[in-house]
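Trainee: dropping a prediction and its sequence here:
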Amino acid sequence: MRQLHQKQLFVIAGLLLMALTFQNFDFADGWRLNFGVIRENTRQAHAKELLGKYYDGSFAQKVEHNPALSLAIYNEVYRQLPDKFKNRAVEVAKTIMKESAVYDIDPVFVLAVIKTESSFNPLARGRFGEIGLMQVKPDTAEWIAHKYGISWRGKKTLESPVSNVRIGVAYFNWLREKFDGSANRYISAYNMGARKVSMLYHLEQKPKEYSLRVMKNYNQTYARLAVATSASLLADNM
């Protein structure tokens, strides 16, 4: 009886997820999103890079090859965005998945960074001039935009959620390459700068606080997505 009850709860959760999703964007658009640009092999590879030995049995592993993941990512973006920006949830979610695929980054990692940096508020401003969803500084953003061929129209570019994500993900790609895929180093460098992280490691000091916050949000986000995608699959198999 307990197993049946749990299965029913998962099915109900999945139906609610899909109902909420299809209320907020055109069905054809949602269909394309559901079969969107997540590159499963590179998503897994980056998750393994981030989680190391803890990947096995993780929620990141539980969603392997799950076709409902892109839809669940959209729903996560829609749920987190402030009300005035919910009409841009499809655009933001697609950008997260597209840019993550370009640079072989786990899109759920991008969600975790956005949660850590701005709590999904496109209007967020940092103490040191950081702007938008991924809290990028204008001077860093301009350099990255020129390096990666991203349109740059001054710091107002970062006020666009889509442009902000494009630049933020490209910056993470640059940091990841610079630190040869050392997760703690490139995550920490996003917060404190590459030069300072290099100096700290040279002094045999390992910054942890920011990377731990990001990884906490990463694991919590995957936990929600795993429940949502499992519910969708159970509903499909009823």
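Mentor: Yep, that arrived. Residues are numbered from 1 along each chain as shown.
Trainee: list the buried residues in the longest helix seen in the chain.
Mentor: With DSSP state H setting the assignment, residue counts place helix 209-237 as the longest helix in the chain. Of the residues in helix 209-237, those buried by neighbour count under the rule 16 or more other CB atoms under 10 Å are 210-211, 213-215, 217-219, 221-222, 224-232, 234-235. C-beta coordinates here come from the backbone N, C-alpha and C atoms, glycine included.
Trainee: now swap in stretch 47-66 and tell me
Mentor: For stretch 47-66, the buried set under the neighbour-count rule, 16+ other CB under 10 Å, comprises 47-51, 58-61, 63, 66.
Trainee: what of stretch 131-142?
Mentor: Of the residues in stretch 131-142, those buried by neighbour count under the rule 16+ other CB under 10 Å are 131-138, 140-142.
Trainee: name the residues that touch it?
Mentor: The contact list for stretch 131-142, computed with CB atoms under 8 Å, 6 or more residues apart in numbering, reads 92, 113-114, 117-118, 120-126, 128-130, 144, 152, 154-155, 157-161, 164-165, 167-169, 171.
Trainee: among those residues, name the ones in helices.
Mentor: 92, 113-114, 117-118, 144, 161, 164-165, 167-169, 171.
Trainee: mind giving me TSV with the residues you listed and columns for neighbour count, pLDDT and distance to residue 37?
Mentor: Supplementary listing: the ones in helices among the contacts of stretch 131-142 in TSV, determined by neighbours: other CB atoms under 10 Å; pLDDT from 0 to 100; distance: CB to CB, whole Å:
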residue	neighbour count	pLDDT	distance to residue 37
92	24	96	14
113	25	98	18
114	29	98	18
117	24	98	23
118	22	98	23
144	21	98	21
161	26	98	17
164	25	98	18
165	27	98	13
167	28	98	18
168	26	98	17
169	24	98	13
171	23	98	20
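Trainee: still on that earlier bit, list the helices and strands the longest helix of the chain packs on?
Mentor: Contacts defined by 3 or more CB pairs under 8 Å, 6 or more residues apart in numbering; DSSP states H and E place helix 209-237 against helix 2-24, helix 59-62, helix 69-80, helix 107-118, helix 183-192.
Trainee: I'd like the distance from stretch 176-185 to the chain centre, please.
Mentor: 17 Å (CA atoms, centre = their mean, to the nearest Å).
Trainee: any idea how far apart the tips of that stretch sit?
Mentor: 8 Å (CA to CA, to the nearest Å).
Trainee: per-residue pLDDT of residue 24, please?
Mentor: Residue 24 carries a pLDDT score of 46 in this model.
Trainee: which helices and strands does the helix or strand harbouring residue 195 pack with?
Mentor: When secondary structure is defined using DSSP states H and E, the element that contains residue 195 is helix 194-202. In terms of contact count using 3+ CB pairs under 8 Å, 6+ apart, helix 194-202 is assigned the packing partners helix 183-192.
Trainee: the helix it packs on vs helix 209-237, what angle?
Mentor: 110 degrees (axes from the mean of the first three to the mean of the last three CA atoms, to 10 degrees).
Trainee: hang on, the earlier thing: could I get the ones in helices among the contacts of stretch 131-142 as a markdown table with distance to residue 178?
Mentor: A markdown table is the format used below for those (distance: CB to CB, whole Å):
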| residue | distance to residue 178 |
| --- | --- |
| 92 | 27 |
| 113 | 17 |
| 114 | 21 |
| 117 | 20 |
| 118 | 24 |
| 144 | 12 |
| 161 | 26 |
| 164 | 21 |
| 165 | 20 |
| 167 | 16 |
| 168 | 16 |
| 169 | 15 |
| 171 | 11 |
